[in-house]
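> Predicted model follows, preceded by the sequence.
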Amino acid sequence: MSGRGREALIAAGWSPDRDAGYNALHGMLTAVGTVSPDGTASWEPFPAAESALRSFHGLTVRPAGPGAEVAARGCVVDPARARFTVRAAADFGREIGARLFPLGATDADTPLLVDERGRLFAADTGGWWVLGESVEEGLTALAEGRAPRRVTAAAHQWPLGRLPDEDVVADLVKTAMVLVYVLHRHGLLATRAVRFRVVGLRGHGPVRLEETFRLAAGSLDDIAERLLQDVREAIGSIPLGAAEKVVELLPGISGKRPHPGVTCAVSAGRQGAEGIGVRLTAEARTVLEKGDGLAGALGELSGYAGQRPLGPADRPTAGAAPVPSA
């Protein structure tokens, strides 16, 4: 936290041991009495919200200069200023797996909310934004004009040229293993198996093959060769010419639940598409909690897409980067 941001909070009357006491409790009760128009959503207090309001309730924070990255904003900490976002907050809370509670509003009337982990969010017409990993950090970022991070589900697609000297099945399998490596390295997807599908009439006909292949531990090159043999055996005499072929990366299992939030597939033969296509999606929760890893993976995959087509000697092999064992 920079000195200017902290000074803005102190100038508003804040101190590390501040306790707004009854006023904070009254503010919470005002918000709790608000329900959505359809009566299906209401505010539920939780410890992080109570702690934030005891520390900051009643403050009017002024901008600390013109803004370091974006326009600096002041704010008023009062739950009543954001209590009518109850329906939108309930929907967003389900997306990120955490309840939210109103905290206040900026001087531009943008609602501010805190979640169960104590993170500060803003909600405007552009969507949801995380301002800080704590309310103190978020209010400081507002006052200093630090850029927030948008929280939204992500969907990215890359058209790839075909690998030279490879048939379409080998191309799909080897491209999928590059995806396995990149997503695992950035902590987004621990792939344990892949699903190979063949669907007639370029994805609009009957399913001719749908089989799951578990990945053994080892280097990507070794796994790719073994997987390719297994896939070819499963395909047998199935005609591939006018069919869509898809390799879908399947998440590993943590306890009894799959790794959340990220899906990725590589396909060929889809109607209206040329070459190989890669599609990666991430839920809002993953974008929020693994934003840096997602950004790194997207950058690496975009760079890889820009290099295609690649010769066999230039393909990323990552022999020292094994697929994680179960």
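Sure, I can see it.

> who touches the residue most central in space within the chain in this structure?
Nearest to the mean C-alpha position of the chain, by CA atoms, centre = their mean, lies Val287 at 1.7 Å. Contact analysis of Val287 by CB atoms under 8 Å, 6 or more residues apart in numbering lists Val151, Thr152, Ala153, Ala154, Gly261, Leu294. Any C-beta I mention is one placed from the backbone N, CA and C, and that applies to glycine too.

> What's the PyMOL syntax to select whichever of the residues you listed are buried?
Listed next is the PyMOL selection for buried residues among the contacts of Val287, using 16 or more other CB atoms under 10 Å:
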select buried, resi 151+154+261+294
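
> Would you convert the contacts of Val287 into JSON lines that also reports pLDDT, secondary structure and distance to Gln307?
Below are the contacts of Val287 laid out as JSON lines (pLDDT from 0 to 100; DSSP: H, G, I helix; E, B strand; the rest coil; distance: CB to CB, whole Å):
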{"residue": "Val151", "pLDDT": "90", "secondary structure": "strand", "distance to Gln307": "31"}
{"residue": "Thr152", "pLDDT": "85", "secondary structure": "coil", "distance to Gln307": "28"}
{"residue": "Ala153", "pLDDT": "86", "secondary structure": "coil", "distance to Gln307": "27"}
{"residue": "Ala154", "pLDDT": "85", "secondary structure": "strand", "distance to Gln307": "22"}
{"residue": "Gly261", "pLDDT": "81", "secondary structure": "coil", "distance to Gln307": "27"}
{"residue": "Leu294", "pLDDT": "85", "secondary structure": "helix", "distance to Gln307": "21"}
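
> need the contacts of Val287 in JSON lines with distance to Arg62, can you?
Formatted as JSON lines, the contacts of Val287 follow (distance: CB to CB, whole Å):
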{"residue": "Val151", "distance to Arg62": "26"}
{"residue": "Thr152", "distance to Arg62": "30"}
{"residue": "Ala153", "distance to Arg62": "35"}
{"residue": "Ala154", "distance to Arg62": "35"}
{"residue": "Gly261", "distance to Arg62": "38"}
{"residue": "Leu294", "distance to Arg62": "34"}
